[in-house]
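Asks: need a structure here:
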Amino acid sequence: MKKIALFLLTCCMFLTCCACQGQQQQSDNSTSENTSTADAAPSQETEKVPASIEDELSPVLTEADKANIPIEMARNNIAKTGDRAGVTKSKQWIKTSLDMEMLDTPGVLWPKFEDERTALNLAFTGAIKDEIMDIEELAYKLVERLQEYYPQRLIERFGITEIHENPLDNLDAIARKRGCIMARNEINYNRIAVMLIDEFRGGKLGNISLERPDDVFEEVEVEKKEETEKERKRRIRKEKRNEKKKERR
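Replies: Numbers count the residues shown, from 1 in each chain. Okay, here's the model as predicted:
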């Protein structure tokens, strides 16, 4: 997730830089036209330029879904976007209102996630297609995460009386409160799983953070241990090569 956040921040900085250059060029052209017609009749009113680039981009950068950047800057629905993965199928150039063009491309994810927590975070938000996920297992993992960090949200949203230690018991309680019951008083896990995940993605459970500072520190520690282990293996291989050279001599 850190890499994704860094990528989004880089894109925003790139857009701001390009837009500033476009605004400066437009300002220079306007100044040149005014100078050449100073002794002539009063010039017509030039096209209005935003007071600042922040005024032009602020409606975009405050959106949680960065896929809306092309639409907001183009001021039309030229690009199709959505709150799920796989909406953008191919590359397309989009003309914006800032005298620049933007290349919209399909999103790219790692082919394999070494960290299960990162994969779950992406799946919770819909960045990974639900069709390739076990929706019931995903709902179970979501309840497990929420009961650890946001137990009161579960109580307030779904009206359950208490938080059980076993996430499955909490999922059963939510299902009974929502009427997700089949024949013989059995829980309809698929129905409650879809309902729970949809409400989470729709923000109906409130502001929830899937990443915490401790996760970042743990990731840094893991990276340090991996680098230490790699360095140890390199040192061992080097010692073995030196020993073989001595034997040959």
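
Asks: what segments of this structure are helices?
Replies: Under the criterion DSSP state H, the chain contains helices at 2-36, 53-61, 69-74, 116-125, 135-149, 151-158, 167-177, 189-201, 213-248.

Asks: if you average pLDDT over each of those helices, which is lowest?
Replies: Across the helices of the chain, helix 53-61 has the smallest mean pLDDT, namely a mean of 38.

Asks: Y189 - how many residues pack around it?
Replies: Using other CB atoms under 10 Å, Y189 has 19 other residues around it. Backbone N, C-alpha and C define where each C-beta goes, glycine included.

Asks: give the contact list for it.
Replies: For Y189, the contacting residues are 136, 139, 171, 175, 180, taking CB atoms under 8 Å, 6 or more residues apart in numbering as the criterion.

Asks: at 10 Å instead, please
Replies: Residues near Y189 by CB atoms under 10 Å, 6 or more residues apart in numbering: 135-137, 139-140, 168, 171-172, 175, 180, 182.

Asks: can you tell me which of those residues is closest to R235?
Replies: Distance to R235 across the contacts of Y189 (CB to CB) is lowest for E137, with 42.0 Å.

Asks: re the thing from before, pull the most distant pair out of the contacts of Y189.
Replies: Between any two of the contacts of Y189 (CB to CB), the greatest distance is 19.0 Å, for E137 and M182.

Asks: any idea how far P151 is from V222?
Replies: When CB to CB, to the nearest Å is the yardstick, P151 and V222 sit 28 Å from each other.

Asks: ignore the last one, R191
Replies: Separation of R191 from V222 (CB to CB): 38 Å.

Asks: and these two? Which one has more around it.
Replies: It is R191, of R191 and V222, that has more neighbours when counted by other CB under 10 Å, with 16 against 12.

Asks: does that one touch R178 like I think?
Replies: Yes. Under the criterion of CB atoms under 10 Å, R191 is in contact with R178, at a separation of 8.4 Å.

Asks: what's the distance between D169 and A139?
Replies: For D169, the distance to A139 equals 14 Å [CB to CB].

Asks: when these two are compared, which one has more neighbours?
Replies: Relative neighbour count places A139 above the other of D169 and A139, with 24 against 15, counting by other CB under 10 Å.

Asks: list the contacts of D172.
Replies: Counted by CB under 10 Å, 6+ apart, D172 has contacts 143, 160, 164, 166, 180, 187, 189, 192.
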